[in-house]
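Chemist: Provided below are the primary sequence and the corresponding predicted coordinates.
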Amino acid sequence: MSLSMADRDGFIWFDGKILPWREVKTHVLTHALHYGSAVFEGERIYDGRVFRLAAHSARLINSAGLLGYGLPWTRQQIEDATRAVVKANGLSEGYIRPIAWRGSEVMGVSAIGTTVHLAIAPWAQEGRLSVQAKPGGIHMTMAQYRRPGPDVAPGQAKVAGLYIICGIEKDRALKAGFDDALMLDWQGRLAESTGANIFLVIGGKLVTPRPENFLDGITRRAVMDMAKRRGWSVEERAVWPHELDEASEIFLCGTAAEIVPVGALDERRYQVGLVTRTLMEDFKALVRQPDSEGFGESAHFAEAPAKAA
């Protein structure tokens, strides 16, 4: 049995200090715990390097900006802290969870007057879905909840509160014997799974939903770039549920998931075909390149940080 996440050996970077894992604490009246306002990232370590560290660090800052608060650390400081705590833990492979939140000075809907905190926790862990995936791919079901529209929530922010419906749907899927659930958006178009982006192969073309109000994944961008480098046609557009019947291959992608074939979606069946297998191999090579910590295909995150509407 694996250790509890609260009871492990190792170190966590917390507000400028590297502390023993078990010593890192936060108060029960922290704003984020009550109102879901924490922003976070999920990152992977390959050969001691953090894949697309620059893009992840910039997106963390952007997410906080979309919620109306700034982080008192620069992207470079966050990157330096990440490398330092990975080194302190002696990890060459693993997963990292940076998380920023507003503290316990005030208890109420508004977080004005609270202190912003940042923690970076790395540990040894392989990909989640990629480890679970069977040779024939995972089995998905359709979710009941939908991703909210842009007039409801800031979908481009990786914020804890937006994962509530994802958690409900993931649990529902697992209890029913599935591996994950596919969510539609507020207009009834395909959006994403509970924690990863989706691609379909339709008529020889690679098709993926346009992220109008869900996370524009960093691995998603990498997949699109790898496909284009092979000369394959990539369409980023509205994708409707009936197109699931037209797809020959489907796969998910994300930092934790990497690239995971979908073998079935409810009663539909799909092959783990050439496109999926090729991109899986290309991705394995990409993440271990010497320059993998840069922005890569996600250079748009280097632009000015986003701000709350």
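Modeler: Received the coordinates, thanks. Residues are numbered from 1 along each chain as shown.
Chemist: Sketch out the low-pLDDT regions of this protein for me.
Modeler: 1-2, 126-133, 304-309 (pLDDT under 70).
Chemist: got the residue ranges for the helices in it?
Modeler: Assigned by DSSP state H, the helices in the chain fall at 31-35, 53-66, 75-88, 128-132, 164-175, 218-229, 274-286.
Chemist: if you compare these, which one is most tucked away?
Modeler: Highest mean neighbour count among those (mean count of other CB atoms under 10 Å): helix 53-66, with a mean of 24. Yep, even glycine has a C-beta here, placed from its N, CA and C like the rest.
Chemist: how far off helix 75-88 does that helix point, in degrees?
Modeler: Per axes from the mean of the first three to the mean of the last three CA atoms, to 10 degrees, the angle that helix 53-66 makes with helix 75-88 is 120 degrees.
Chemist: what helices or strands is helix 53-66 leaning on?
Modeler: With contacts taken as 3 or more CB pairs under 8 Å, 6 or more residues apart in numbering; DSSP states H and E, helix 53-66 sits against strand 39-40, helix 75-88, strand 94-102, helix 218-229.
Chemist: doesn't Thr115 make contact with Leu71?
Modeler: No - here Leu71 does not reach Thr115: they are 11.6 Å apart, not a contact under CB atoms under 8 Å.
Chemist: quick one, which of these two is more surrounded?
Modeler: Set Leu71 next to Thr115 and count neighbours by other CB atoms under 10 Å: Leu71 wins out with 21 against 15.
Chemist: I'd like the distance between the more buried one and Arg59.
Modeler: Distance of Leu71 to Arg59, given as CB to CB, to the nearest Å: 12 Å.
Chemist: Leu91 too?
Modeler: From Leu91 to Arg59 the distance is 22 Å (CB to CB).
Chemist: in the stretch 101-250 of the chain, which spans are strands?
Modeler: Applying DSSP state E, counting those that start in this stretch to the stretch 101-250 of the chain gives strands spanning 116-123, 138-142, 180-184, 190-193, 197-202, 205-209, 234-237, 249-254.
Chemist: any chance of these in JSON lines, with mean neighbour count too?
Modeler: Listed next are the strands of the stretch 101-250 of the chain as JSON lines, based on neighbours: other CB atoms under 10 Å:
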{"stretch": "strand 116-123", "mean neighbour count": "21"}
{"stretch": "strand 138-142", "mean neighbour count": "20"}
{"stretch": "strand 180-184", "mean neighbour count": "23"}
{"stretch": "strand 190-193", "mean neighbour count": "24"}
{"stretch": "strand 197-202", "mean neighbour count": "23"}
{"stretch": "strand 205-209", "mean neighbour count": "21"}
{"stretch": "strand 234-237", "mean neighbour count": "14"}
{"stretch": "strand 249-254", "mean neighbour count": "27"}
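Chemist: can I get the ones you listed in TSV with distance to Glu79?
Modeler: Below are these laid out as TSV (distance: least, CB to CB, whole Å):
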stretch	distance to Glu79
strand 116-123	10
strand 138-142	33
strand 180-184	31
strand 190-193	27
strand 197-202	24
strand 205-209	28
strand 234-237	28
strand 249-254	21
